[in-house]
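Novice: give me a model of this one.
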Amino acid sequence: MKKTSLLKKYILDDEILIMPGAHDVLCARIIKETGFKAMTMGGYSASAALLGQPDVSLLTMTEMVDNYRRVAANVDLPLFVDGDTGFGGILNVRRTVKEIESTGAAGMFLEDQVFPKRCGHMEGKEVIKAAEMVAKVKAAVDARTDEDFVIMARTDSLAVNGIEDAVERGNLYHQAGADLIFIEAPTTIAQMKIITSQVVCPTLANNIEGGKSPLLSADELQKIGYSSVVFPVAATYAIAKAIRGLMETIKTTGNSKDYLENMLDFEQFSRLIGLGDLRRLENSYYIE
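Specialist: Model (predicted):
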């Protein structure tokens, strides 16, 4: 089955789909090795990993597409990615969709923030008019070549205009053709229940450690009514803490021995990144 069709199937299944986030191929390989069915990539972690900067629209579309392409080419899992605001108007949205679909990603989302956008859990967000976003969603749906390529519409209207407007926008975006709706940053479980009961299509939950939304388990979110959940920044946060701990250990002791229990060793890491498979492939070309 195509990765696009798989992703759509997983979203529509009764069991909630869990998608951890990767900011590079190494993270993605670990996600696959752990046994997840799909994964996500977003601008927040990519901005941190590629630029060492926050998610405030500093990455260009081509930089994000290049990152997605490397992961999709090297890790055989459905990949759901961030299309930001579409990087401009209607024609920019069309190009963004075509470029992202060409990477081998299985789906993407667009959001209704005013450019330059910011992380959905930051203060000071602004949203475009609902009609403008409806046009963007229609353009995105029209631009895809595979009808199973998942298009999700995200609205940040809850923090700007309230829950009623956010739900209304979610339904408008679904009517425009979005397969999945994401209302960003509900602050209470009550708001989450309103979203899942009043938005008339599958919905996505976003688990941000230390963010504005309650940090609920996949089972709890499924009971509320969500069809999928992403953990888009957890790996990036964990890596940042682990590397800080390692550097502090080396700075204090002049050695990494005291941190070995928190690390893979040379052989373990070689297995993780597939060195043995590449050596066997290489050797298969020699004539015995």
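
Novice: which residue, other than its chain neighbours, is closest to residue 83?
Specialist: Closest residue to residue 83 apart from its sequence neighbours, by CB to CB, 6 or more residues apart in numbering: residue 108 at 4.4 Å. Backbone N, C-alpha and C define where each C-beta goes, glycine included.

Novice: what do you get for residue 30?
Specialist: With CB to CB, 6+ apart as the criterion, residue 30 has its nearest non-adjacent residue at 7.2 Å, and that residue is residue 272.

Novice: what separation do you get for that neighbour and residue 201?
Specialist: Counting by CB to CB, to the nearest Å, the separation of residue 272 from residue 201 is 38 Å.

Novice: and these two? Which one has more around it.
Specialist: Neighbour totals were compared for residue 272 and residue 201, and residue 201 leads with 16 against 13 (other CB atoms under 10 Å).

Novice: that one: helix or strand, and which one exactly?
Specialist: Residue 201 is part of no helix or strand when elements are defined by DSSP states H and E.

Novice: pretty sure it contacts residue 177?
Specialist: No. Between residue 201 and residue 177 there is no contact under CB atoms under 8 Å: 10.5 Å.

Novice: do you know how far the residue nearest to residue 30 is from residue 37?
Specialist: According to CB to CB, residue 272 and residue 37 sit 20 Å apart.

Novice: and for residue 238?
Specialist: According to CB to CB, residue 238 stands 21 Å off from residue 37.

Novice: sorry, back to before: my read is that the residue nearest to residue 30 contacts residue 265, right?
Specialist: No. Residue 272 is beyond contact range of residue 265, at 10.8 Å (criterion: CB under 8 Å).

Novice: strands of the stretch 51-200 of the chain, start to end?
Specialist: Ranges of strands in the stretch 51-200 of the chain, per DSSP state E, counting those that start in this stretch, are 79-82, 107-111, 150-155, 180-183.

Novice: format these as CSV; extra columns: mean neighbour count.
Specialist: Shown next, in CSV, are those (neighbours: other CB atoms under 10 Å):
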stretch, mean neighbour count
strand 79-82, 26
strand 107-111, 26
strand 150-155, 26
strand 180-183, 26
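
Novice: and the ones you listed: which comes nearest residue 8?
Specialist: Residue 8 lies closest to strand 150-155 among those, at 5.6 Å (CB to CB).

Novice: for the closest one, packing partners?
Specialist: Judged by 3 or more CB pairs under 8 Å, 6 or more residues apart in numbering; DSSP states H and E, the packing partners of strand 150-155 are helix 3-12, strand 107-111, helix 130-143, helix 163-175, strand 180-183.

Novice: which one of the strands of the stretch 51-200 of the chain lies closest to residue 249?
Specialist: Judged by CB to CB, the one of those that comes nearest to residue 249 is strand 79-82, at 33.9 Å.

Novice: for the closest one, give me every contacting residue.
Specialist: 3, 7, 19, 28, 38-43, 46, 64, 68, 71-72, 100, 103-109, 150, 152, 230 (CB atoms under 8 Å, 6 or more residues apart in numbering).
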